[in-house]
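Visitor: Sequence plus the predicted model coming up.
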Amino acid sequence: MHEPVAQPTTEVLAAPTAPRGRAIVVTSGKGGVGKTTTTANIGHALARRGATVALVDADIGLRNLDLVLGLEQRVRYHVLDVLEEKISLDDALVRDKHSPTLCLLAAAQAREKDDVDETKMKALIDQLRERFDYVIIDSPAGIEQGFKNAVIGASEAIVVCTPEVSAVRDVDRVIGLLGNAFRPQLIVNRLRPALVKKGKMLSVEDVNAILRLPLLGVIGDEPEIIITTNRGMPIALQDEGATAAAYRAIAARIAGEDVAAPTVEVKDSFMDRLGSFFGGRR
Amino acid sequence: MFDLVEVVEGRCQLRQALIKDKRFGDCLSILPAAQTRDKDAVTPEQFSSVVAQAAEQCDFVLVDCPAGIEGGFRNAIAGVGEAIVVTTPEVSAIRDADRVIGKLVERALPIRLIINRLRPEMVRTQDMLSVDDVCEILSAELLGVIPDDEEIIDMTNRGEPIALNPSMRLATIYDKIARRLEGELVPFTSFDSPGFFGRLFGALKAG
Ligand SMILES: Nc1ncnc2c1ncn2[C@@H]1O[C@H](COP(=O)(O)OP(=O)(O)OP(=O)(O)O)[C@@H](O)[C@H]1O
Ligand SMILES: Nc1ncnc2c1ncn2[C@@H]1O[C@H](COP(=O)(O)OP(=O)(O)OP(=O)(O)O)[C@@H](O)[C@H]1O
Ligand SMILES: [Mg+2]
Ligand SMILES: [Mg+2]
């Protein structure tokens, strides 16, 4: 029962202040709600604060993070190459063009999610956590093997939900699967305040009345996000603008800063922007 | 109420599980998925046999495939004879669609394309890929184009089918897709979305 070897183990366990990075999975259950967009922008916003960040694309077979980051030309190796020890982690990490402290570990495109060994995946994320302040894992849609692979190494979760009934139901299911262990926080994406006002879209409060999670941030439905995604230049790289500011506020909250409640700041600024949008800017 | 898994497990007949949508008379039935079960609760063979049973009773069986290319996808495509690939005109969606089309082609399934959430004003400013661009990249036949429309979000949230929408504009778009599925040669004209696409469709080849 009381073996002497227990001593050092206890010591290790009792050292939660050890400098280890945080592993955060970005997930939703629902497809197309903005997980990859969120991962890329939060990654840049955290890197801008001086943190070292590794972004891991867990969407094996349907990778997108490299495209959204504009790094598709630089990807030579992928996460399965590392898991299968064909290549070193260093060789597989792609350094970002814009944020020097940001790296991407791309997903394999010609492989299956079932090819991932969960134990090895967890070990890989642990290894990344030794080297980076943040490891952010972009989960695929669904709750099958790809979801499990994405979650296995994470210690925290960000769930992305759009203000739509179908998304809320899927996200609710995922929150149930995550349980309390991941302390999930919510980002409401693609909000259209003008529609909420007309009663044609769920409000942030409506969404969170069902999901009941700490609110990490609210991002508007912005044509600019589609444009920047298509161009591989995440909007969080911009110095100006309400959306970039919203991502920076999210990064600050992740870092533990006490930033003003997201809904307030978002509602006003996005209403302004929507006004100019309908005023014929585009 | 029964669901697909219960049909597969033989706990009820298919016709007991089919829910008739009264708004469409006797024409539309829905077979719900199980919410509390895994996608591997059903094998592709079982799924395929349910689809075959449904096909004996119905003119069309539409299988709503989940995102991704995992077990749920393999199930959904197991029993079908053709595929509609839905994509948005965005680089990342198109790459995913391309991968899925590859998988469907391996199965020798005929494919047609629906481009969803198009924003014509963004196409005009070259901030979004055009219908032509998308069809060319994916080299697939076009079945229809649906604009990004807030009405769709609202109707979806309220569980109201757009086909019954008093807004002729949206209902017409889906009606034309349905007619093309029935084999009718409905030309792609700007009439697909009055006031929406305008000259954008001028460049589009009919068919
Ligand atoms: N706030 C937003 N405003 C406008 N468009 C957005 C917003 N967030 C995401 N999008 C668009 O929605 C599309 C889907 O986003 P994204 O690829 O990030 O979703 P996803 O959840 O990762 O999808 P998947 O489930 O397929 O992995 C993208 O093309 C992106 O441009
Ligand atoms: N043309 C459109 N214009 C505006 N909103 C749309 C349009 N098409 C779909 N949406 C919105 O996008 C959301 C997602 O749509 P839907 O649930 O059909 O996607 P899906 O591909 O089935 O997602 P999943 O991969 O999770 O199954 C819906 O809530 C709907 O309101
Ligand atoms: Mg994604
Ligand atoms: Mg769906």
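Guide: Structure received. Ligands and ions are numbered 1, 2, ... in the order given.
Visitor: B:Leu104 - nearest residue in space that isn't next to it in sequence?
Guide: B:Ala83 (4.9 Å; CB to CB, 6 or more residues apart in numbering or on different chains). To be clear about C-beta, it is placed using only N, CA and C from the backbone, and glycine gets the same treatment.
Visitor: List phi and psi for the one you found.
Guide: phi -140, psi 140 (degrees, to the nearest 10).
Visitor: So what sits opposite it in the bridge?
Guide: Beta-bridge partners for B:Ala83, by DSSP bridges, are B:Ile111.
Visitor: correct me, but it touches B:Glu106?
Guide: No: contact criterion CB atoms under 8 Å: B:Ala83 and B:Glu106 do not qualify, at 11.7 Å.
Visitor: Between the two, which is the more surrounded one?
Guide: B:Ala83 (21 against 8; other CB atoms under 10 Å in any protein chain shown).
Visitor: Next SSE downstream of the host helix or strand of A:Leu177?
Guide: Assigned by DSSP states H and E, A:Leu177 belongs to helix A:165-178. Downstream of helix A:165-178, the next assigned helix or strand under DSSP H and E is strand A:185-191.
Visitor: For that next one, which helices and strands make contact with it?
Guide: Helices and strands touching strand A:185-191, by 3 or more CB pairs under 8 Å, 6 or more residues apart in numbering or on different chains; DSSP states H and E, are helix A:35-48, strand A:156-161, helix A:204-211, strand A:215-220.
Visitor: Highest mean neighbour count out of these?
Guide: helix A:35-48 (a mean of 28; mean count of other CB atoms under 10 Å in any protein chain shown).
Visitor: quick one: the helix or strand following that one to helix A:35-48, angle?
Guide: Downstream of helix A:35-48, the next assigned helix or strand under DSSP H and E is strand A:53-57. Interaxial angle, strand A:53-57 versus helix A:35-48 (axes from the mean of the first three to the mean of the last three CA atoms, to 10 degrees): 170 degrees.
Visitor: Strand A:53-57 near chain B at all?
Guide: No: Strand A:53-57 lies apart from chain B when judged by CB under 8 Å from any CB of the partner chain; the minimum separation is 11.3 Å.
Visitor: Tell me the helix or strand right after that strand.
Guide: Defined by DSSP H and E, the subsequent element after strand A:53-57 is helix A:65-69.
Visitor: Can you confirm whether stretch A:165-177 lies near ligand 2?
Guide: Yes: contact between stretch A:165-177 and ligand 2, assessed by CB under 6 Å from any ligand atom, occurs at A:Ser166.
Visitor: which stretches of the chain aren't confidently modelled?
Guide: Just going to use chain A. Across chain A, the ranges flagged by pLDDT under 70 are A:1-19, A:261-282.
Visitor: try again with chain B
Guide: Looking along chain B with the criterion set at pLDDT under 70, you get B:189-207.
Visitor: Can you check what angle separates the lengthiest helix in chain B from helix A:35-48?
Guide: Counting by DSSP state H, the longest helix found in chain B is helix B:91-106. Orientation of helix B:91-106 against helix A:35-48 (the same axes, to 10 degrees) gives an angle of 140 degrees.
Visitor: and helix B:91-106, what other elements does it pack with?
Guide: Using 3+ CB pairs under 8 Å, 6+ apart, helix B:91-106 is in contact with helix A:65-69, helix A:223-231, helix B:71-78, strand B:83-87, strand B:111-118, helix B:131-138.
Visitor: Count the residues that sit near the closest residue to A:Leu104 other than its chain neighbours.
Guide: Distances taken as CB to CB, 6+ apart place A:Val94 nearest to A:Leu104, at 4.5 Å, with adjacent residues excluded. By other CB under 10 Å, the residues close to A:Val94 number 22.
Visitor: wait, doesn't A:Val94 sit right on A:Ala107?
Guide: No: assessed by CB under 8 Å, A:Val94 is found out of contact with A:Ala107, at 11.9 Å.
Visitor: returning to what we had before: could you dump the helices and strands packed on strand A:185-191 into CSV and include distance to ligand 1?
Guide: Putting the helices and strands packed on strand A:185-191 into CSV (distance: least, CB to the nearest ligand atom, whole Å) gives the following:
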stretch, distance to ligand 1
helix A:35-48, 3
strand A:156-161, 6
helix A:204-211, 13
strand A:215-220, 5
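Visitor: of all those, which lies closest to chain B?
Guide: When those are compared by CB to the nearest CB, helix A:35-48 sits nearest chain B, at 6.7 Å.
Visitor: Also compute the angle for that closest one relative to helix A:223-231, please.
Guide: Per the same axes, to 10 degrees, the angle that helix A:35-48 makes with helix A:223-231 is 90 degrees.
Visitor: Run the chain-centre distance for helix A:35-48.
Guide: 7 Å (CA atoms, centre = their mean, to the nearest Å).
Visitor: same deal with stretch A:197-205?
Guide: The answer for stretch A:197-205 is 25 Å, by CA atoms, centre = their mean.
Visitor: Double-check that A:Gly256 belongs to a helix.
Guide: No: read with DSSP: H, G, I helix; E, B strand; the rest coil, A:Gly256 is coil and lies in no helix.
Visitor: can you pull the contacts of it?
Guide: A:Gly256 makes contact with no residue, according to CB atoms under 8 Å, 6 or more residues apart in numbering or on different chains.
Visitor: Looking at the stretch 101-250 of chain A, what residue ends up closest to chain B?
Guide: Going by CB to the nearest CB, chain B is nearest to A:Ala141 of the stretch 101-250 of chain A, at 3.5 Å.
Visitor: Which residues are in contact with that residue?
Guide: So, once contact is read as CB under 8 Å, 6+ apart, A:Ala141 ends up touching A:28-32, A:35, B:66-68.
Visitor: redo that, cut-off 7 Å
Guide: A:29-31, B:67-68 (CB atoms under 7 Å, 6 or more residues apart in numbering or on different chains).
Visitor: ok, and the most crowded of those residues?
Guide: The most neighbours of any of the contacts of A:Ala141, using other CB under 10 Å, belong to A:Gly29, which has 26 neighbours.
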